[in-house]
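In: below is the sequence, then the predicted model.
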Amino acid sequence: MNYRAILLSLIVTFVLSPAVCYGEISSCCYGITSLRNGLRDGDILTRYPLSYADTVVGGEGCLWDLHEIGSGTPGKYEVKLIDDSLQRYRIVDRRTAMYYDCHSDTLFVSGHENSQWRLLFDQCEPWLPDSLWYGCGLSGPVHGRGIYCDRLRYAVRGNYHMSVDAVGTLILPEGDTLRNVERLHTERLFFHNYYPIDSISGDISYEEFAHAATEGNVLRHDTRRWYAPGYRYPILEVQTLTSLQGGESLMQQACYTPLSEIESLPSDPDNSVLRELLHLKNAYGSVNSRGDAAQEGGDMPGGGDDIRYSFSQNRDWLNVSVRYSVDKATDVEFILADVVGFVYSSDSRHCEPGEEYEITISYTSLPGNGPYALYICTDSNRYSEKFYK
C-alpha cells in the first residue's frame, strides 16, 4: 500500500476544503480568495494580448482552448500600494491607471485615470471578494463622478453582478493544461453623461438610470478572469464593452499571462505549496493535437508514452471511434466538445496495460457542421482530434 500517496491525498483534501458560501459548492472547485489571489505591492507581470473572444457558456466541465492562438506585443502590469492608510493599490495597464481599495479583505474598483479621464467611484463594485466559489454571486449599485479632458464633468451610474459562473479546463498557448480553472465574471450595466465644467450638481439620478435602462440606452462592460489553483493572478482576462441599443461592440481586448510569469513572483508560500501539491497529484497535463481526423485504423499512430491510439470517423453513422491501449493502469477520459469549449458529452474508463480497448461516440446531437474536437485525457496528458460533422 502506498502510504505516501494516501497521506498526500489527505493533505490536499484538507488544504483545498472550501468554506461555506451561499449557493451550491462543487467538490472540484478550490475557490477564489483574497489570501491567494489578492494584489501584492511590487508585483510585476508581463501580459500578452490575444485575439480571443470568449463564447463559452457558464457551467461545469467547460473547456477553453488557447493553444493555437498567437499573441501580440507584451506589456507590463505593475502593482503598487500608493496609500497605506486607505489600502489603495494602483495598476498601470496600457497607459491607464486603475485604482483598487481594500476593505475587510475585499478589493473594490475605486477609480481610474489616463490622459483623458479621471473617475472616482463612491459606490464601488468588487474586483476581488474575500472568498467566492462556483455557484456564488453578488450584485449591487455602482456610481462615480469625474472629469473628461479637463473640460467636462462626467458621471456614471448603474448596477453590477459578479459570480464564478464557469469551471473547467484551460489549454494554454504553450500546450499546457490547467484543470479546475474558475471564471470570475462581472457584468456592469451603466448609463453615463457629460456636464459643463462649471456645473455644481452634474450627476445622474436613479430615475435617469432606470429610464435609460428601459430605453436600452445603457452600456454593458463585461469582464471575465480565469483563475487557476496555485496562481495568484488571472491567467486570462477578457473585457468587452457593448451598447445594448443595437448591440454595437465598442471595445474588446484579451490578455494572457504565462504561468512562468506568476511562478517567478517573489515568495508566495500560499500558492507555491498549493502548486506543489497539485503537481504531485498530476493535476496538470499537456496537450498534443494532430489536427483534422485522418486516421483510419492503422497501428495506433497517435498518443505518447502513456497511451497509444488510432482515431477514425464514420460520417455515415455520425460517430467517431478510438482504438487504444495503455502502458500502465490509468483512467482515460473522452470529452466531446466544440472548438470554443462547449462540452457535449464525456466518458471515463479505467484501463489496464496489456489489453486493447475501443470506444465509439455518437455525434448525432451536435448542432452544426463543426469543427469539433474529441479530447483524449489520461492522468498526465491530453490529446485532441479535430473533425467536422
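Out: Noted; the coordinates are in hand.
In: what pLDDT does the model give the closest residue to Ser365 other than its chain neighbours?
Out: The shortest distance from Ser365 to any non-neighbouring residue, by C-beta to C-beta, 6 or more residues apart in numbering, is to Tyr344 (6.7 Å). Placement of C-beta: from N, CA and C, glycine included. Per-residue confidence at Tyr344 stands at 83 (pLDDT).
In: so what's Tyr344 up against?
Out: Under the criterion of C-beta atoms under 8 Å, 6 or more residues apart in numbering, the neighbours of Tyr344 are 336-338, 363, 365-366.
In: specify which member of those residues is nearest to Ile262.
Out: Ala337 (26.4 Å; C-beta to C-beta).
In: hmm, who's touching stretch 236-246?
Out: Stretch 236-246 is contacted by residues 47, 50, 52-54, 64, 66, 170, 189, 215-226, 248-257 when judged by C-beta under 8 Å, 6+ apart.
In: which ones among these map onto helices?
Out: Glu215 (DSSP state H).
In: make sure the residue nearest to Ser365 is indeed in a strand.
Out: Yes: inclusion of Tyr344 in a strand is indicated when DSSP: H, G, I helix; E, B strand; the rest coil is applied.
In: do you know how far Leu66 is from Tyr52?
Out: The gap separating Leu66 from Tyr52 is 7 Å, by C-beta to C-beta, to the nearest Å.
In: and the strands in the stretch 1-150 of the chain, which stretches?
Out: With DSSP state E, counting those that start in this stretch, the ranges of strands along the stretch 1-150 of the chain come out as 32-33, 44-50, 59-65, 75-83, 88-93, 96-103, 106-113, 117-123, 126-128, 131-132, 137-148.
In: what's in contact with the second one?
Out: Where contact means C-beta under 8 Å, 6+ apart, the residues beyond strand 44-50 that reach it are 66, 69-79, 93, 173, 233, 236-237, 253-258, 261-262, 265.
In: repeat that for 10 Å
Out: Outside strand 44-50, the residues within contact range by C-beta atoms under 10 Å, 6 or more residues apart in numbering are 66, 69-80, 91, 93-94, 173, 232-234, 236-238, 253-258, 260-262, 264-266.
In: Leu265 is in contact with Asp41, isn't it?
Out: No: in terms of C-beta atoms under 10 Å, Leu265 does not count as a neighbour of Asp41; the distance is 11.8 Å.
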